[in-house]
Every structure is written in C-alpha cells, then in structure tokens.
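Asker: give me coordinates for this.
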Amino acid sequence: MWELVKAGGWPMVPLLLLGVLALAIVLERFWSLRRNEVLPPGLGQEVRNWAARGKLDASHIDSLRANSPLGALLAAALEARNRPRDQIRERIEDTGRHLVHRMGRFLNALGTIASAGPLLGLLGTVVGMIQMFLGILDHGVGDVGQLAGGIGKALVCTATGMMVAIPALMFHRYFRGLIDGYVIEMEQEAAALLDALDGRPAVMAANKAAAPRPTATEKA
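Answerer: Numbers count the residues shown, from 1 in each chain. Sure thing, here's the model as predicted:
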C-alpha cells in the first residue's frame, strides 16, 4: 500500500487529506442529522398542548428554541403568535432558511471534494506520465515491462481520486435528500401549530383587530 502511495507522487498527499476530510464530514453530519436531534418525537404535539393551555411564556419559548431545529422553527411561530397568519408564516420561512443553512453545514465542502477528487487524481496521472515519457526521451524505451509498470503507477492517482470522489458524492446527495425530508416534516409541524394557534380565542381576537376595517364606500 505504501509503495502505491509513493508511486503516485506528491498529488497523493492532497488526495489522502481530502479523503480524511470527507470521512470526518460524513461522520459529523451523521451525528448532527440524527432524526431525534432534528425532529424530537412528540415535540410538535407537546408544543400544541402548550398553546392550548396558554403556557407560552418566554422561558418555555427559549427552552424550545434551544431544543432542536424543529423547536427553533416552532419557537419562531410562537413569538409571532399575536400577529396575522401571513406574518407568522413569513417569520417561519425566514427561520426555516437559516435552519436549512445550518443543517447543510459542511455539505458544500463535501461536494467540492467530490468534484475535485477526480481532477486532482487526473493531474497526478498526467504528471506521472510526463515524467515517464521524459525518462524515455533521455534513456530510450528499454524494458517494455518496466514501461507498463510505470504507466500503471501513474494511474494510481486516478484510481485514488475516484475512490475519494465517489463516496463523497454519494453521501453529499444522501444528506441533501435527508435534509429535504426533514424540511417537509418541519413545515407540516409548523402548519399544525398555526392551525392550533388560530383556534385560540386570544389569537383570533388579535387577528380580527389587525384585519383592515371596511371604508365608508365599501359599507355603502
């Protein structure tokens, strides 16, 4: 194995570093994007029960915000609970964009590794082939078997680049799909909370007071 690494030359060093970085990102994202950490089971129903019982003080909302991404989204809705529904939805959408960005942390780096790995491997192969042909130019063809071995060693970089890039691309797509699924479920929980808030008398009265009153012309 070490002989292959040496045969690939200096491009093998950044390729191996990229492989280690990709592995670290994948492990970190698996840990951070656990379902129980993003969508704690029963949290949406618990928050709707808070709304029904009127337990919407600042301490409850602060603890909810620190609970999980879903908790942060529901806390944003509760903070704007006395506003019209469209304004609450705007607050939810703004908070949701920040949460999606936070859940997608390091995924751009993983995608860059997936794109750069094959190119860096190809660069190593090209550099190896150039060195080999320069040697032929100086010393002649010599042993054909040695020439084939040199070509094989030069291709080590291309194979290593593929080995780094393919898993990185697969996990990048997997995490993107996982986040998209979480976002849909979070939107459903937020919509259910909005419906629960609309059913509370205090919220309905606030929404009615915020609604525009008809002018004299409209009354006529």
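
Asker: helix or strand with the lowest mean pLDDT in this protein?
Answerer: Taking mean pLDDT, DSSP states H and E as the measure, the chain has helix 201-210 as its least confident helix or strand, at a mean of 41.

Asker: middle-most residue in the protein, spatially?
Answerer: For the chain, residue 104 is the residue whose C-alpha lies nearest the centre (C-alpha atoms, centre = their mean; 2.0 Å).

Asker: pLDDT at that one, what is it?
Answerer: Residue 104 carries a pLDDT score of 93 in this model.

Asker: can you check the one 4 residues further on too?
Answerer: According to the per-residue confidence, residue 108 scores 94 in pLDDT.

Asker: host element of it?
Answerer: Residue 108 is located in helix 107-139, with elements delineated by DSSP states H and E.

Asker: buried stuff in that helix?
Answerer: When burial is assessed from 16 or more other C-beta atoms under 10 Å, helix 107-139 yields the following buried residues: 107, 110-111, 113-114, 116-118, 120-121, 123-125, 127-128, 132. No exception for glycine: its C-beta is placed from N, CA and C like everyone else's.

Asker: who are the packing partners of it?
Answerer: helix 2-8, helix 12-32, helix 144-154, helix 156-198 (3 or more C-beta pairs under 8 Å, 6 or more residues apart in numbering; DSSP states H and E).

Asker: can you say which of those is nearest to residue 45?
Answerer: Using C-beta to C-beta as the measure, helix 156-198 is the one of those that comes nearest residue 45, at 8.6 Å.

Asker: packing partners for that closest one?
Answerer: The contact analysis (3+ C-beta pairs under 8 Å, 6+ apart) places helix 156-198 against helix 2-8, helix 12-32, helix 43-53, helix 69-79, helix 85-103, helix 107-139, helix 201-210.

Asker: quick one: these as TSV, columns for distance to residue 160 too.
Answerer: Converted to TSV, those look like this (distance: least, C-beta to C-beta, whole Å):
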stretch	distance to residue 160
helix 2-8	6
helix 12-32	5
helix 43-53	44
helix 69-79	36
helix 85-103	31
helix 107-139	6
helix 201-210	60
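
Asker: residue 181: which of those helices is closest?
Answerer: Nearest to residue 181 among the helices and strands packed on helix 156-198 is helix 85-103; the distance by C-beta to C-beta comes to 11.1 Å.
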